[in-house]
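> Quick one: sequence and predicted model below, then my questions.
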Amino acid sequence: MNAVVVIPTYDEADGIEIMLDAVRRAQPSADILVVDDNSPDGTAALVAGHPDFGYRVSLLSRDGKNGLGAAYRAGFAWALERGYDVIVQMDADLSHPPVKIPELIAALDRSDVAIGSRYVEGGGVSNWSVSRRFISWAGNTYVRTVLGLTVRDATAGFRAFRRESLLRLGVLDSQSNGYSFQIENTWRAGQLGLTTIEVPITFTDRTTGRSKMSAGIVREALALALVWRWRQIRSHLYRPSRQRADVTA
Ligand SMILES: Nc1nc2c(ncn2[C@@H]2O[C@H](COP(=O)(O)OP(=O)(O)OP(=O)(O)O)[C@@H](O)[C@H]2O)c(=O)[nH]1
Ligand SMILES: [Mg+2]
């Protein structure tokens, strides 16, 4: 089994080296791909200067900041082209505990997708303000309700996929550019009948760098959830007339 951990970065120079070392320690057998959007703070140069660069650590440099979803699509395409069996995704800011990577990968023996989850028993968040907790809870509740999702942490960004799961999900054809990329994949997995296991994790607020979360990203997520749900309802509404046409044809 060969695995790659895909890490998108934008201005993560403060913590990227600690992050790379932590992932190397947690899962020495895995390769790492950093997808950097030409960070002005020189994140890419630090990745290229890592002792394992060119061996276990690779860098995909993109022209400019183009969103988390776009960065992941590029990273996943890179991983699929190179034939990896397992693809892990996680943030660069140590919010997702690298020590949980082996557990996430092991869960793929029993499911198509594994999610590092804050909202199952044993999971949680550490050092988040009350308002940040509320925003995350409200966002999760909204998308779970609108899309009818059973996954508890539908917006989680710490996930592992089997290669076939990524291909079946059609991730490369997804449309979300921002953080709704995570929601879109949760939704697609449910629609396609892929199984998902949630592994409890403690999410720790970033202590280095700055958040890239913006109002635009939140608006995209709220709007796209409605669009996907509406498309599904519309396809159900039109199905009977198609069947009638088939019968009379
Ligand atoms: N390549 C790339 N990476 C991005 C982009 N936007 C965010 N990221 C990375 O995606 C990951 C998640 O972004 P964060 O800003 O930590 O978002 P968050 O975790 O939802 O927000 P905080 O909890 O406030 O940190 C981090 O590793 C970022 O560097 C982007 O446009 N391009
Ligand atoms: Mg973060």
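Great, that's in hand. Ligands and ions are numbered 1, 2, ... in the order given.
> Please make it C-alpha for all contacts and neighbour counts, starting now.
OK.
> Mind exporting the C-alpha coordinates of stretch 33-52 to CSV?
Provided in CSV are the C-alpha atoms of stretch 33-52 (Å, rounded to 0.1, in the frame of the first residue of the first chain):
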residue,chain,number,x,y,z
LEU,A,33,2.6,16.5,-1.5
VAL,A,34,2.4,20.2,-0.7
VAL,A,35,0.1,22.1,-3.1
ASP,A,36,1.2,25.7,-2.7
ASP,A,37,-0.5,28.6,-4.5
ASN,A,38,2.6,30.8,-4.8
SER,A,39,2.4,31.9,-1.2
PRO,A,40,4.0,35.4,-0.8
ASP,A,41,5.6,34.4,2.5
GLY,A,42,7.9,31.8,0.9
THR,A,43,6.2,28.6,2.1
ALA,A,44,7.3,26.8,-1.1
ALA,A,45,11.0,27.6,-0.5
LEU,A,46,10.8,26.0,2.9
VAL,A,47,9.2,22.9,1.5
ALA,A,48,11.9,22.7,-1.1
GLY,A,49,14.5,23.1,1.6
HIS,A,50,13.2,20.2,3.7
PRO,A,51,15.7,17.3,4.2
ASP,A,52,13.2,14.8,2.6
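> give me the low-pLDDT residue ranges for this protein?
240-249 (pLDDT under 70).
> Report the contact partners of the most centrally placed residue in the chain.
When Cα atoms, centre = their mean is applied to the chain, the residue found nearest the centroid is G157 (3.9 Å). G157 sits next to Q89, M90, D91, G116, Q182 when contact means Cα atoms under 8 Å, 6 or more residues apart in numbering.
> What's the separation between it and P8?
11 Å (Cα to Cα, to the nearest Å).
> do V86 as well
Applying Cα to Cα to V86 and P8 gives a distance of 17 Å.
> Pick out whichever of the two has more residues nearby.
P8 (25 against 22; other Cα atoms under 10 Å).
> Tell me which helix or strand that one sits in.
If you go by DSSP states H and E, P8 is part of strand 3-9.
> circling back: just to be sure, which of the contacts of G157 are found in strands?
Judged by DSSP state E, strands contain the following of the contacts of G157: Q89, G116.
> returning to that earlier point: any chance you could list residues touching both of G157 and P8?
With Cα under 8 Å, 6+ apart, G157 and P8 have common neighbours M90, D91.
> show me where the chain has strands.
Going by DSSP E, the chain shows strands at 3-9, 31-36, 57-61, 86-89, 113-117, 124-126, 159-162, 196-200, 202-204.
> what's Y84 in contact with, if anything?
Y84 neighbours (Cα under 8 Å, 6+ apart): M1, N2, A3, V4, R163.
> And the last one, how close does it get to ligand 1?
The reference is to R163. R163 sits 21 Å away from ligand 1, going by Cα to the nearest ligand atom, to the nearest Å.
> so how many other residues sit close to that residue?
Using other Cα under 10 Å: R163 sits among 20 other residues.
> Which residue comes closest to it once chain neighbours are left out?
D85 (5.0 Å; Cα to Cα, 6 or more residues apart in numbering).
> my read: that neighbour touches R162, true?
Yes - counting by Cα atoms under 8 Å, D85 does reach R162; the two are 6.0 Å apart.
> So between these two, which is more surrounded?
R162 (21 against 15).
> what's across from the residue nearest to that one when sequence neighbours are not counted in the sheet?
Of all residues not flanking R162 in the chain, V86 sits nearest, at 4.7 Å (Cα to Cα, 6+ apart). Beta-bridge pairing for V86 (DSSP bridges): A3, R162.
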